[in-house]
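Peer 1: this one's sequence-less:
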């Protein structure tokens, strides 16, 4: 497998670096961007005007993002570049929209009518039967999550390099990894986000009417109570404000994973089979490369979304 790093300058010139010393790429269902770190050996004198970075594996672009940081250094007669990047969908977390009630809004309108974000595309959904309430200091990603929950009962995710999705992909690729020699396999459980009880005030600011107890917390000896004001986003069904918070705190709670040598092109919400997992949706992908080779870890989640 070949890896290459593309670096595009602010003027639009693309430089392709093939002497990639190491890289680490990852994406997961509940993070609105893919992340990349890479270190390359280069003949370029400087990349001070670098604006974009791409990761290509066997010629296929798997990451395209902003440059969060880039470090150029000369050592022992060689020039090295270290890059940290998040995909362009990270801009959805860094842009806010005007607070207030947005009636008859579709996913297309939300993604297109406020800002033009470079390279960011989205699932086509023109249904205007929903509304969202945008709280002060709410990011576009929070608004997208609110609308997705109303329309699909799920959480949005990033497909490909920068495509925002509400729905599972209609024709997912299927990967049977049982023929691979696993480097590792196992499970990971995260309890640190779980809460035991949720309490929401009514329109008069009084508590007692809206409560939810997570039955999964008690056996784990978790006692964490959360109180919050009436959530205007869920006026159509106030109890859903608590259900949504419970599901979100439970996100990715258990992951079943395996890792192998190579990379087959797995993406979020593709189907994977390995061990006891048979044709389940992928929730996590991590690809790491170095002089030792390229290695992929794939995981599926057990949670409430």
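Peer 2: Cool, the structure landed. Just so you know, these numbers come straight off a predicted model, no measurement behind them.
Peer 1: And the helices in the stretch 1-150 of the chain?
Peer 2: Ranges of helices in the stretch 1-150 of the chain, per DSSP state H, counting those that start in this stretch, are 107-112, 140-152.
Peer 1: average model confidence for the shortest one?
Peer 2: Read that as helix 107-112. For helix 107-112, mean pLDDT rounds to 97.
Peer 1: Contact partners for residue 197?
Peer 2: Counting by Cβ atoms under 8 Å, 6 or more residues apart in numbering, residue 197 touches 211, 212, 213, 214, 217, 224, 225, 226. All C-beta spots, glycine's among them, are computed from the backbone N, C-alpha and C.
Peer 1: Mind putting these into JSON lines with pLDDT, distance to residue 44 and neighbour count?
Peer 2: Rendered in JSON lines, the data for those read as follows (pLDDT from 0 to 100; distance: Cβ to Cβ, whole Å; neighbours: other Cβ atoms under 10 Å):
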{"residue": "211", "pLDDT": "98", "distance to residue 44": "60", "neighbour count": "13"}
{"residue": "212", "pLDDT": "98", "distance to residue 44": "55", "neighbour count": "18"}
{"residue": "213", "pLDDT": "98", "distance to residue 44": "58", "neighbour count": "15"}
{"residue": "214", "pLDDT": "97", "distance to residue 44": "53", "neighbour count": "21"}
{"residue": "217", "pLDDT": "97", "distance to residue 44": "53", "neighbour count": "19"}
{"residue": "224", "pLDDT": "98", "distance to residue 44": "51", "neighbour count": "14"}
{"residue": "225", "pLDDT": "98", "distance to residue 44": "55", "neighbour count": "11"}
{"residue": "226", "pLDDT": "98", "distance to residue 44": "50", "neighbour count": "15"}
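Peer 1: Of the residues you listed, which is the nearest to residue 169?
Peer 2: Each of the contacts of residue 197 was scored against residue 169 by Cβ to Cβ, and residue 214 proved nearest at 30.1 Å.
Peer 1: quick one: that closest one from residue 197, how far?
Peer 2: Per Cβ to Cβ, to the nearest Å, residue 214 is found 7 Å from residue 197.
Peer 1: What of residue 80?
Peer 2: 51 Å.
Peer 1: just residue 233 next, same as before
Peer 2: 20 Å.
Peer 1: The longest strand along the chain pairs with which strands, parallel or anti?
Peer 2: Once the chain is assigned using DSSP state E, the strand that runs over the most residues is strand 60-75. The strands beside strand 60-75 in its sheet (DSSP bridges) come out as strand 50-57 (antiparallel), strand 78-87 (antiparallel).
Peer 1: got a list of contacts for it?
Peer 2: Counting by Cβ under 8 Å, 6+ apart, strand 60-75 makes contact with 6, 25, 33-34, 36, 44, 46-48, 50-56, 79-88, 90-91, 119, 161-162, 265, 287, all of which sit outside it.
Peer 1: Just the buried residues of those.
Peer 2: Neighbour-count burial (16 or more other Cβ atoms under 10 Å) is assigned, among the contacts of strand 60-75, to 6, 25, 33-34, 36, 47, 50-56, 79-81, 83-88, 90-91, 161-162, 287.
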